[in-house]
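Enquirer: below are the sequence and a predicted model for it; my questions follow.
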Amino acid sequence: MTVLGCIADDFTGATDLAGLLARSGVRVSLRMGIPEEEPSDTAPFEVIALKCRTAPVDEAVAQCRMALDWLKRAGAQRFFWKYCSTFDSTAEGNIGPVAEALMDDLGASQTMYCPAFPENGRAIFMGNLFVGELPLAESPMKDHPLTPMRDSNLMRLLAPQVTGQVGLANRLAVARGTEALRARLTELQDQGVAHVVIDAVADEDLYTIAEACRDMPLMTGGSAVAMPLPALYVRDGVLAADAERAVRPDLPNKTIVLSGSCSAMTRAQVCEYSVNAPSYRLDAFDLDKRGIGPALAWLAKQDLSQAPLFYATAEPETVRKAQEAFGVAEVGEMIENALAELAQAAFSAGARRFVVAGGETSGAVTQALGVTRLDIGQEIAPGVPWTYAESDGEKIALTLKSGNFGKEGFFADALKVLEDQ
Ligand SMILES: Nc1ncnc2c1ncn2[C@@H]1O[C@H](COP(=O)(O)OP(=O)(O)OP(=O)(O)O)[C@@H](O)[C@H]1O
Ligand SMILES: O=C(O)[C@@H](O)C(=O)CO
């Protein structure tokens, strides 16, 4: 029986959430897209990964509602809406509109928002989101290719996205503990506040928040605030503790690394990895002119046991030029399609291990590989686990890395963690 039904707005976000929930040892099932079949063999924690972070609002809302229906049919009574720890959204949404639609469907009068992820340097204080020591709008997120974040204040970001009132439960309320936080939420509810941003700067805050909010019909946030939920549900007696970690299947070591993220961290990771590994840079202008042919020809000459890298990862200035020439969505899609086609070609050439960087990129790659369900394995870095799946009847391992996650040596670390299991 499913205890918590989760909907994630992108694929790396979904593996991040599934990985943190799975730290508890409880079974977590991750489905890529809304399953076509009715729920069966469901896990206590079901995560549905969508690719709706930058979709038009109506489309994102409709998809999330369908996911909610499926999760209800799986027996879930509590739900979690997972978005990025850097609150990535366009001016229109989709964080607020989806939350509001899910609240309507669940008859919820209030929900909470907490994208904090202290292990990865995301903290919220007085409603302002920090990335490391920088306010969000001064962090590299200001240059994101699809969702540049130019304000750090979560209430200001959220208010235009929702019809209900937005308020704050600040760190002082959180620091006073679960009961004080509950009292603050009730006080805000009495004032008609439906959308409550909650401050958190450290893991202890997340435990307090999860404890205070665990019975809300809908919680929303990054992955970290959901991490304490399995243990709390076991304590409440609504969930039995059953450790069931997925085991790595036997796989040939043929590997491909695909990077479509342009985040500062991925840029550093690509730079470090390409010193020793064979690597091929995908350039938007070249793709437009000559198509994918030259990249496929390069791939055909590679020894996949050397884990070659394809990357479109580029500096903000290069991204800007390509966006001006082709349009933001158009160039994003062109590159996602290219990386998806290269993933298919690598699979045909025998690759069974896939390291993918970037949420949108991961969505494109997993869709191209026809992956519909993933088991969560060993964590490589906070929020980035290995996952195991099937593609065309073959077992494969995939890691889907959020743009900003992992250290400089992530790609090599990922290969080592898989080898060591
Ligand atoms: N050189 C480039 N020029 C323009 N757009 C690019 C370039 N390289 C990648 N892109 C596009 O930028 C987008 C990057 O988004 P993606 O979600 O994959 O990474 P991310 O946002 O860093 O990761 P996450 O969502 O996990 O934080 C994709 O649509 C990708 O196709
Ligand atoms: O929360 C995060 O930062 C990540 O899980 C993510 O959503 C990346 O797209």
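Expert: Here it is on my side, so go on. Numbering: from 1, shown residues only. Ligands and ions are numbered 1, 2, ... in the order given.
Enquirer: contact partners for residue 94?
Expert: Residues near residue 94 by CB atoms under 8 Å, 6 or more residues apart in numbering: 9, 52, 53, 54, 55, 57, 60, 61, 161. Any C-beta I mention is one placed from the backbone N, CA and C, and that applies to glycine too.
Enquirer: in the stretch 301-421 of the chain, mark out all the helices, start to finish.
Expert: Remark: helices assigned in the stretch 301-421 of the chain by DSSP state H, counting those that start in this stretch are 316-326, 328-348, 359-368, 410-420.
Enquirer: per-residue pLDDT, residue 145?
Expert: Note for residue 145: predicted pLDDT of 81.
Enquirer: quick one: it is in a strand?
Expert: No. Going by DSSP: H, G, I helix; E, B strand; the rest coil, the assignment for residue 145 is coil, not a strand.
Enquirer: isn't it right up against residue 326?
Expert: No. Contact criterion CB atoms under 8 Å: residue 145 and residue 326 do not qualify, at 11.8 Å.
Enquirer: so between the two, which is more surrounded?
Expert: Just comparing residue 145 and residue 326: by other CB atoms under 10 Å the higher neighbour count belongs to residue 145, 24 against 18.
Enquirer: element containing the residue in the chain positioned nearest to ligand 2?
Expert: Distance from ligand 2 to each residue of the chain (CB to the nearest ligand atom) is smallest for residue 13, at 2.9 Å. Element membership for residue 13 (DSSP states H and E) is helix 11-22.
Enquirer: which strands and helices sit next to that helix?
Expert: Here helix 11-22 touches strand 4-8, strand 28-32, strand 45-49, strand 78-82, helix 359-368, strand 373-381, strand 384-391, strand 394-401, going by 3 or more CB pairs under 8 Å, 6 or more residues apart in numbering; DSSP states H and E.
Enquirer: between those, which one is nearest to ligand 1?
Expert: Closest to ligand 1 of the helices and strands packed on helix 11-22, according to CB to the nearest ligand atom: helix 359-368, at 2.7 Å.
Enquirer: in CSV, list the C-alpha atoms belonging to the closest one.
Expert: Taking C-alpha atoms only, helix 359-368 is exported to CSV below (Å, rounded to 0.1, in the frame of the first residue of the first chain):
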residue,chain,number,x,y,z
GLY,A,359,17.0,17.3,-15.6
GLU,A,360,15.6,18.1,-19.0
THR,A,361,18.4,16.1,-20.6
SER,A,362,17.7,13.1,-18.4
GLY,A,363,14.0,13.3,-19.4
ALA,A,364,14.9,13.2,-23.1
VAL,A,365,17.5,10.4,-22.6
THR,A,366,15.3,8.1,-20.5
GLN,A,367,12.3,8.6,-22.8
ALA,A,368,14.6,7.7,-25.8
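Enquirer: so how far is that helix off the chain centroid?
Expert: On the basis of CA atoms, centre = their mean, to the nearest Å, helix 359-368 sits 12 Å off its chain's mean C-alpha point.
Enquirer: near ligand 1, anything from it?
Expert: Yes. On the criterion CB under 6 Å from any ligand atom, helix 359-368 is in touch with ligand 1 at 359, 360, 361.
Enquirer: could you dump the helices and strands packed on helix 11-22 to a markdown table with distance to residue 345, mean neighbour count and mean pLDDT?
Expert: Below are these laid out as a markdown table (distance: least, CB to CB, whole Å; neighbours: other CB atoms under 10 Å; pLDDT from 0 to 100):
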| stretch | distance to residue 345 | mean neighbour count | mean pLDDT |
| --- | --- | --- | --- |
| strand 4-8 | 28 | 28 | 98 |
| strand 28-32 | 20 | 26 | 92 |
| strand 45-49 | 24 | 28 | 96 |
| strand 78-82 | 31 | 24 | 98 |
| helix 359-368 | 10 | 26 | 93 |
| strand 373-381 | 22 | 22 | 91 |
| strand 384-391 | 13 | 22 | 94 |
| strand 394-401 | 14 | 23 | 96 |
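Enquirer: let me have these in a markdown table, extended by distance to residue 314.
Expert: Compiled in a markdown table, these are given as follows (distance: least, CB to CB, whole Å):
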| stretch | distance to residue 314 |
| --- | --- |
| strand 4-8 | 26 |
| strand 28-32 | 27 |
| strand 45-49 | 26 |
| strand 78-82 | 28 |
| helix 359-368 | 13 |
| strand 373-381 | 23 |
| strand 384-391 | 22 |
| strand 394-401 | 17 |
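Enquirer: so what secondary structure elements neighbour the helix or strand where residue 258 lies?
Expert: Using DSSP H and E, residue 258 falls within strand 255-259. In terms of contacts (3+ CB pairs under 8 Å, 6+ apart), strand 255-259 is packed against helix 264-273, strand 309-311, helix 328-348, strand 353-357, helix 359-368.
Enquirer: so does the third one get close to ligand 1?
Expert: Think helix 328-348. Yes. Applying CB under 6 Å from any ligand atom, one finds that helix 328-348 is in contact with ligand 1 at 331, 332, 335, 336.
Enquirer: looking at these, state which has the most neighbours.
Expert: Greatest neighbour count in the residues of helix 328-348 next to ligand 1, by other CB under 10 Å, goes to residue 335: 28 neighbours.
Enquirer: quick check: closest non-adjacent residue to that residue.
Expert: Excluding the flanking residues, the one nearest residue 335 by CB to CB, 6 or more residues apart in numbering is residue 312, at 4.4 Å.
Enquirer: and the pLDDT for that neighbour?
Expert: Listed pLDDT for residue 312 reads 98.
Enquirer: now do the same contact list for it.
Expert: 259, 260, 262, 281, 282, 283, 284, 335, 338, 339.
Enquirer: next, count neighbours for the first one.
Expert: Here the number of neighbours of residue 259 (other CB under 10 Å) works out to 29.
Enquirer: cool, and residue 297?
Expert: The criterion is other CB under 10 Å. On that basis, residue 297 has 9 neighbouring residues.
Enquirer: A helix includes it, no?
Expert: Yes. Per three-state DSSP, residue 297 lies within a helix segment.
Enquirer: what residues does the closest residue in space to residue 336 that isn't next to it in sequence make contact with?
Expert: With sequence-adjacent residues excluded and distances taken as CB to CB, 6+ apart, residue 336 is closest to residue 364, at 3.8 Å. Residues in contact with residue 364, defined by CB under 8 Å, 6+ apart, are 260, 336, 337, 339, 340.
Enquirer: make it 7 Å
Expert: For residue 364, the contact set (CB atoms under 7 Å, 6 or more residues apart in numbering) comprises 336, 337, 339, 340.
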